[in-house]
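Student: have a look; sequence and predicted model below, questions after that.
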Amino acid sequence: MLRRIKLRTRLFVTFLIISLVPVITIGIFSYHAYTQSMNEKVKQAALQSIELLNNNMSTQLGIYSDYMGSISVSDTVQNGVASVNNGHPLTGDIVNGIGEMIVTIPFQSTHLKNIRVVSNDRTVLYDLGYDDITPQRFNELLDNIEAASPQDSLQYIHTYRANDKIVIGRKIYDMHHTSTPLGYIMLYIDESQLSRYIFTDVSFGEGSNFLLIDAAGNVVSSQNAELLGEDLADDPIFQQITALRQAGENNFLCELNGVDTLTIFKYNTTYNVYLVATIPQAYITNGTRTINMMLIALAAVLVVVSLFLTLLVYRSVMHPIDNMVAACNAKSDEEIGLKINDTSPDELGFLARTIDNMVNEIGLLAQRWSDDQRKMRELELQTLQYQINPHFLFNTLNTLKWIATLNHVTPVSHGIDALSSLLQSTLIKKNELIPFDDELRNLKNYCDIQQLRYAGRFEMEYQIEDAAGYWTVPRFILQPLVENSILHGTADEDDFVTITVRATVSENLLTIHISDTGCGFDPSAIKEKNSERFSGIGLSNVDERMRLHYGNEYGLTIESAPGTGTQCILRIPNEAIR
């Protein structure tokens, strides 16, 4: 599987993995381990802080609860409230009596802004009168106190004078009949003063906040004054707080105003309120920032060093390999002659020197083979040329032509003239490559001679482009192909065959098509040599000569089948003989 990937890619990826993965893995692991440790410590510190704040709040509110209890159980309040409940009118004596009684109870607090004592029918028996709220809001306070009973109720109000206050209230019960409610008592406490007292010197960075939220989702107190009195009952964060409280959890991560935030809460069972702290995650991770930057810087240095070493080793391996690949891919004689010349003592240097030696040996063998092939072609032509004494042969042919002319035997005279021209081209001219026009002339002479034998049983058609005439081609490549068409096309005495020779030039290639209308044959049955043919050179010989001259891709192509005719195709490039 890996061998399908280039060595260059495999080496580079392997070096990167070996050098970068350990550094990055250790860096990421260290970062997460340290960050997780710091986050856990900060979270524990925040949980302890909110626990202390809850205790501090309970202590402070407990003072007000005790004060309310002292007022509620006093005879003056018990009798005054009972009197109004029984239908007696509220008199100045009752009001003054309650006021004088309250003064006698020792309580010092600048946070206390108002005290109200209310009967069951919600008649106000006593009110300091410093500030007030709407009757509707007043009734809502009493309804909530009623719902929270027998526990104290903690609520937020915004008065006529735009003051923020916390109302702590409870129901007043008959001292002698504890199940009989007599009325209500409420203490108005300055929210800002109480908030500063409870949340003083507590902060978890910019964007953090502490809130006091009642069980219904109303914000009773907050470091962020804009949230005072907000109804968070439908807020997803408050809903998650109530759900996690049932599950015994006390913290979770959420997104608040687009900022990742850790929310920690503590439920106060005495007053049915949640003490909530929202801490930006950035504050928790701030302590790890310096260490993380140092880790990143160290990792970056190691990565750069690793990359440098990787590229250094990579180049020392791939450069000699590239040179060897280029040497193996060399095609031209000039490229093949170039040596790698790698003198390095390592294994790649040894392999490069071995390739140089092999290239030298291959070059010598190729030259030797080329010389052998050239000599072989020369010997074949010499053998053909020396078969008949040219001087004697041509004198005899001229005599025969003269006799035929004197006797007015024109076909014989024409045939002898064609034979003489053909033999001159065969025996006298020794060039291996000749113009296509000369090769075509030899073919026409050969066909004129064959017409004497076959007496018009075949005809020739020529479709030759002008540019083809100047093309250089090997000698005697057309005659064996036409001879094959004549032999197979006139196998039966009644057969007539049309042979078409077409030559076209396209770009840098001469394409020759020789087709006939004969009976066709099976190309696989062609023998390499056929001694009965005129030239002694068979189809396979033409194919071999083409491949020797131009390469294996330029052999003879034969398309034929019994009953469909035959087409032979030669493709000759316009380049030097190979």
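Tutor: That came through, no problem.
Student: pLDDT of the host helix or strand of Leu298, averaged?
Tutor: For Leu298, the enclosing helix or strand under DSSP states H and E is helix 289-328. For helix 289-328, mean pLDDT is 78.
Student: before we move on, what about stretch 132-146?
Tutor: Taken as a whole, stretch 132-146 has an average pLDDT of 91.
Student: what's in contact with it?
Tutor: By CB atoms under 8 Å, 6 or more residues apart in numbering, the list of residues contacting stretch 132-146 from outside reads 118, 122, 153, 155, 157-160, 167, 169-171, 184, 186, 216. Every residue, glycine included, has its C-beta placed from N, CA and C.
Student: can we see that at 6 Å?
Tutor: Outside of stretch 132-146, the residues within contact range by CB atoms under 6 Å, 6 or more residues apart in numbering are 153, 155, 157, 159-160, 167, 169, 184.
Student: could you do stretch 310-330 as well?
Tutor: Where contact means CB under 6 Å, 6+ apart, the residues beyond stretch 310-330 that reach it are 8, 11-12, 15, 19, 336, 340, 342, 348, 352, 355.
Student: related to what we said a few turns ago, just the contacts of stretch 132-146: which are in helices?
Tutor: Filtering these for membership in helices, criterion DSSP state H, returns an empty set.
Student: of the residues you listed, buried ones?
Tutor: The neighbour count (16 or more other CB atoms under 10 Å) marks 153, 155, 157, 159, 167, 169, 184 as buried among the contacts of stretch 132-146.
Student: and the angle for the lengthiest helix in the chain with helix 289-328?
Tutor: In the chain, with assignment by DSSP H, the single longest helix is helix 7-72. For the pair helix 7-72 and helix 289-328, the angle between their directions (axes from the mean of the first three to the mean of the last three CA atoms, to 10 degrees) equals 160 degrees.
Student: what does the helix or strand just after helix 7-72 contact?
Tutor: If you walk from helix 7-72 toward the C-terminus, the next helix or strand you reach (DSSP H and E) is helix 75-85. Defining contact as CB under 6 Å, 6+ apart, one finds that helix 75-85 is touched by 71, 90, 94, 97-98, 101, 119-120, 123, 125, 175, 182-183.
Student: let's see it at 10 Å
Tutor: Judged by CB atoms under 10 Å, 6 or more residues apart in numbering, the contacts made with helix 75-85 from elsewhere in the structure are 70-72, 74, 88-91, 93-102, 104, 117-121, 123-126, 172-176, 180-185.
Student: take these and keep only those in helices.
Tutor: Of the positions in these, 70-72, 93-102, 104 sit in helices, assigned by DSSP H.
Student: nearest to Phe496 among those?
Tutor: Of all these, the one with the least separation from Phe496 (CB to CB) is Ser72, at 138.6 Å.
Student: surely Gly518 forms part of a strand?
Tutor: No - counting by DSSP: H, G, I helix; E, B strand; the rest coil, Gly518 is located in no strand; its state is coil.
Student: I'd guessed it sits against Val482; true?
Tutor: No - counting by CB atoms under 10 Å, no contact exists between Gly518 and Val482, whose distance comes to 11.5 Å.
Student: what touches both of these two?
Tutor: In contact with both Gly518 and Val482: 458, 499, using CB under 10 Å, 6+ apart.
Student: ok, Arg374 touching Glu380?
Tutor: No - with contacts counted by CB under 10 Å, Arg374 stays clear of Glu380, the gap being 11.0 Å.
Student: any residues in contact with both of the two?
Tutor: Common contacts of Arg374 and Glu380, defined by CB under 10 Å, 6+ apart, are absent altogether.
Student: thinking again about what came up before, closest to Glu465 out of the contacts of stretch 310-330?
Tutor: For Glu465, the closest of the contacts of stretch 310-330 turns out to be Ile336, at 35.9 Å, with distances computed as CB to CB.
Student: quick one, phi/psi of Val501?
Tutor: phi -110, psi 120 (degrees, to the nearest 10).
Student: mind checking pLDDT for it?
Tutor: Reading off the per-residue confidence, Val501 sits at a pLDDT of 96.
Student: list the contacts of it.
Tutor: Remark: with contacts taken as CB under 10 Å, 6+ apart, Val501 is in contact with 440, 443-444, 447, 460-464, 478, 481-482, 485, 512-515.
Student: any of those residues buried? List them.
Tutor: 440, 443-444, 447, 460, 478, 481-482, 485, 512-515.
Student: first-to-last residue distance for stretch 175-194?
Tutor: Stretch 175-194 stretches 31 Å from its first residue to its last (CA to CA, to the nearest Å).
Student: buried sites along that stretch?
Tutor: So for stretch 175-194, counting by 16+ other CB under 10 Å, buried means 181-191, 193-194.
Student: ditto for stretch 218-226
Tutor: Buried, per 16+ other CB under 10 Å, within stretch 218-226: 218-223.
Student: which of these sit farthest apart?
Tutor: Checked with CB to CB, these reach their widest spread between Asn218 and Gln223, with 16.4 Å between them.
Student: so Ile569 is in which element?
Tutor: Of the helices and strands defined by DSSP H and E, Ile569 is found in strand 566-573.
Student: now do the strands in the stretch 251-400 of the chain.
Tutor: With DSSP state E, counting those that start in this stretch, the ranges of strands along the stretch 251-400 of the chain come out as 251-256, 259-268, 273-280.
Student: in a markdown table: those strands, plus distance to Ala46.
Tutor: What follows is the strands of the stretch 251-400 of the chain, written out as a markdown table (distance: least, CB to CB, whole Å):
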| stretch | distance to Ala46 |
| --- | --- |
| strand 251-256 | 8 |
| strand 259-268 | 5 |
| strand 273-280 | 6 |
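Student: buried deepest among those strands, which one?
Tutor: Neighbour counts (mean count of other CB atoms under 10 Å) averaged over each of the strands of the stretch 251-400 of the chain peak at strand 273-280, with a mean of 23.
Student: got the angle for that one vs helix 7-72?
Tutor: In this structure, strand 273-280 runs at an angle of 150 degrees to helix 7-72, with the same axes, to 10 degrees as the basis.
Student: tell me the helices and strands packed up against strand 273-280.
Tutor: Packed against strand 273-280 by the contact rule (3 or more CB pairs under 10 Å, 6 or more residues apart in numbering; DSSP states H and E) you find helix 7-72, strand 153-158, helix 191-199, strand 209-214, strand 219-222, helix 236-247, strand 251-256, strand 259-268.
Student: put the buried members of the contacts of stretch 310-330 into a PyMOL selection.
Tutor: Isolation of the buried members of the contacts of stretch 310-330 (16+ other CB under 10 Å) is achieved in PyMOL through the command below:
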select buried, resi 11+12+15+19+340+342+348+352+355
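Student: lowest pLDDT pick from the contacts of stretch 310-330?
Tutor: Ile336 (62).
Student: any buried residues in whichever helix or strand Ala503 is part of, and which?
Tutor: Take DSSP H and E as the rule and Ala503 turns out to sit in strand 497-506. With burial defined by 16+ other CB under 10 Å, the residues of strand 497-506 counted as buried are 497, 499-503, 505.
Student: tell me the mean pLDDT for the helix or strand hosting Val482?
Tutor: Element membership for Val482 (DSSP H and E) is helix 479-489. Model confidence over helix 479-489, given as mean pLDDT, is 87.
Student: before I go, just wanted to say thanks for your time.
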